[in-house]
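Enquirer: Provided below for reference: sequence and predicted model.
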Amino acid sequence: YAPDVVLDIGANTGQFAALVRELLPRARIVSFEPLAECYAELCRQGARLAPWRGMPYALGETDGTMAIQRNEFTPSSSLLPMDRLHREELPHTARTVVETIQVR
(Lines give C-alpha, C1' and ligand atoms only; values in the text may rest on other atoms or scores of the structure.)
Protein backbone atom coordinates (compact mmCIF):
# COMPACT_ATOMS: atom_id res chain seq x y z
CA TYR A 1 0.00 0.00 0.00
CA ALA A 2 1.65 3.23 -1.16
CA PRO A 3 -0.66 6.22 -1.64
CA ASP A 4 0.49 9.10 -3.86
CA VAL A 5 -1.31 11.76 -1.79
CA VAL A 6 -2.19 11.97 1.90
CA LEU A 7 -4.74 14.50 3.18
CA ASP A 8 -3.94 15.75 6.68
CA ILE A 9 -7.19 17.35 7.84
CA GLY A 10 -6.89 19.29 11.09
CA ALA A 11 -3.11 19.22 10.76
CA ASN A 12 -2.36 21.21 13.92
CA THR A 13 1.42 21.79 13.89
CA GLY A 14 2.31 18.87 11.63
CA GLN A 15 2.56 15.88 13.96
CA PHE A 16 0.73 13.53 11.59
CA ALA A 17 2.42 14.96 8.49
CA ALA A 18 5.83 14.25 10.05
CA LEU A 19 4.84 10.63 10.67
CA VAL A 20 3.52 10.31 7.11
CA ARG A 21 6.80 11.69 5.78
CA GLU A 22 8.73 8.99 7.67
CA LEU A 23 6.48 6.18 6.47
CA LEU A 24 5.81 7.42 2.93
CA PRO A 25 8.83 9.47 1.85
CA ARG A 26 7.54 10.14 -1.69
CA ALA A 27 3.86 10.79 -1.00
CA ARG A 28 2.58 14.32 -1.45
CA ILE A 29 1.00 15.68 1.75
CA VAL A 30 -1.76 18.29 1.73
CA SER A 31 -2.37 19.70 5.22
CA PHE A 32 -5.48 21.66 6.23
CA GLU A 33 -5.19 23.73 9.43
CA PRO A 34 -7.51 26.65 10.20
CA LEU A 35 -5.91 27.95 13.43
CA ALA A 36 -3.58 30.82 12.50
CA GLU A 37 -0.90 30.10 15.11
CA CYS A 38 -0.81 26.37 14.34
CA TYR A 39 -0.76 27.02 10.60
CA ALA A 40 2.23 29.35 10.98
CA GLU A 41 4.15 26.64 12.86
CA LEU A 42 3.12 24.06 10.28
CA CYS A 43 4.45 26.27 7.48
CA ARG A 44 7.80 26.62 9.26
CA GLN A 45 8.12 22.85 8.89
CA GLY A 46 7.08 22.78 5.24
CA ALA A 47 10.58 22.25 3.84
CA ARG A 48 11.14 19.05 5.83
CA LEU A 49 7.68 17.77 4.88
CA ALA A 50 8.16 18.26 1.12
CA PRO A 51 6.50 17.46 -1.15
CA TRP A 52 3.93 19.28 0.95
CA ARG A 53 1.25 21.94 0.61
CA GLY A 54 -0.57 23.74 3.40
CA MET A 55 -4.07 25.17 3.31
CA PRO A 56 -5.06 27.69 6.04
CA TYR A 57 -8.69 26.70 6.40
CA ALA A 58 -11.10 24.03 7.60
CA LEU A 59 -13.10 21.87 5.21
CA GLY A 60 -16.88 22.12 5.16
CA GLU A 61 -20.01 22.10 3.05
CA THR A 62 -19.86 25.79 2.13
CA ASP A 63 -17.32 28.61 1.93
CA GLY A 64 -17.41 31.10 4.79
CA THR A 65 -16.25 31.71 8.32
CA MET A 66 -17.01 29.89 11.55
CA ALA A 67 -16.20 30.30 15.21
CA ILE A 68 -13.89 27.60 16.53
CA GLN A 69 -13.25 26.86 20.19
CA ARG A 70 -9.48 27.35 20.17
CA ASN A 71 -8.16 25.33 23.05
CA GLU A 72 -5.02 26.19 25.02
CA PHE A 73 -4.02 22.59 24.16
CA THR A 74 -4.51 23.19 20.44
CA PRO A 75 -5.10 19.54 19.39
CA SER A 76 -8.33 19.74 21.42
CA SER A 77 -9.66 22.74 19.48
CA SER A 78 -13.05 22.11 17.93
CA LEU A 79 -16.02 23.66 16.19
CA LEU A 80 -18.05 22.03 18.95
CA PRO A 81 -18.14 23.37 22.50
CA MET A 82 -15.98 21.55 25.04
CA ASP A 83 -18.03 19.15 27.12
CA ARG A 84 -17.85 19.37 30.92
CA LEU A 85 -16.67 15.74 31.19
CA HIS A 86 -13.83 16.42 28.74
CA ARG A 87 -12.64 19.37 30.87
CA GLU A 88 -12.89 17.32 34.07
CA GLU A 89 -11.03 14.29 32.71
CA LEU A 90 -8.40 16.34 30.85
CA PRO A 91 -7.91 19.53 32.90
CA HIS A 92 -5.16 20.80 30.59
CA THR A 93 -7.91 21.26 27.96
CA ALA A 94 -10.17 23.42 30.13
CA ARG A 95 -9.29 26.84 28.69
CA THR A 96 -10.66 27.90 25.32
CA VAL A 97 -11.15 31.14 23.41
CA VAL A 98 -13.22 31.72 20.31
CA GLU A 99 -11.32 32.29 17.08
CA THR A 100 -12.85 32.98 13.68
CA ILE A 101 -11.61 30.64 10.95
CA GLN A 102 -12.06 30.25 7.21
CA VAL A 103 -14.03 27.27 5.91
CA ARG A 104 -13.98 26.02 2.33
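Expert: Nice, I can see it. Numbering: from 1, shown residues only.
Enquirer: which elements pack onto the helix or strand bottoming out on mean pLDDT in the chain?
Expert: Lowest mean confidence among the helices and strands of the chain (mean pLDDT, DSSP states H and E): helix 84-89, at a mean of 88. Counting contacts by 3 or more CB pairs under 8 Å, 6 or more residues apart in numbering; DSSP states H and E, helix 84-89 is packed against no other helix or strand. From N, CA and C alone the C-beta is placed, and that goes for glycine too.
Enquirer: list the buried residues for the helix or strand just after that helix?
Expert: Next in sequence after helix 84-89, counting helices and strands by DSSP states H and E, comes strand 96-103. For strand 96-103, a neighbour-count test (16 or more other CB atoms under 10 Å) marks 96, 101, 103 as buried.
Enquirer: what does stretch 8-22 give?
Expert: Buried residues in stretch 8-22, counting neighbours by 16+ other CB under 10 Å, are found at 8, 10-14, 16-17, 20-21.
Enquirer: okay, now that stretch: how far is its last residue from its first?
Expert: This stretch, stretch 8-22, spans 14 Å end to end (CA to CA, to the nearest Å).
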